[in-house]
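J.: Have a look at this prediction, sequence included:
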Amino acid sequence: MFNGLVESIQSGGVNVIDTAINYRYQKSERVVGAVLRYLLEKGYSREELFICSKVGYISVKFVMTYVFILLLKGRC
């Protein structure tokens, strides 16, 4: 998904990214984030892209990941 999204954006064929926490069990937003970091490092500006994200149900995996991060930081 990463390579396909990068290629689509670089070709000029895509500038709207629609994602949500529930798409692909959170993998969609993680990949979109990685693509955005990559493109910004390559000189793209944030103003060149339109990003839409939605709220959905919060998965157990998300909650467990968040709690784990808090535990690592000593905040829990």
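T.: Yep, it's here.

J.: I'd say Gly56 and Ala20 touch.
T.: Yes: counting by CB atoms under 8 Å, Ala20 is a contact partner of Gly56 at 5.5 Å. C-betas here are computed from N, CA, C, even on glycine.

J.: Looking at these two, which is more packed in?
T.: Set side by side, Gly56 and Ala20 give different neighbour counts by other CB atoms under 10 Å, the larger being at Ala20 (14 against 11).

J.: Setting aside sequence neighbours, what's the nearest residue to the more buried one?
T.: Across the structure, with CB to CB, 6 or more residues apart in numbering as the measure, the residue nearest Ala20 apart from its sequence neighbours is Lys54 (4.1 Å).

J.: What count of nearby residues applies to the one you found?
T.: Neighbours of Lys54 using other CB under 10 Å come to 10.

J.: Name the nearest residue to Phe62, ignoring sequence neighbours.
T.: Residue nearest to Phe62 in three dimensions, not counting chain neighbours: Gln26, with 6.2 Å by CB to CB, 6+ apart.

J.: ok, the one you found - contacts?
T.: Taking CB atoms under 8 Å, 6 or more residues apart in numbering as the criterion, Gln26 is in contact with Ser59, Lys61, Phe62.

J.: Tell me where this protein has helices.
T.: Residue ranges of the helices in the chain, as given by DSSP state H, are 2-10, 27-41, 60-72.
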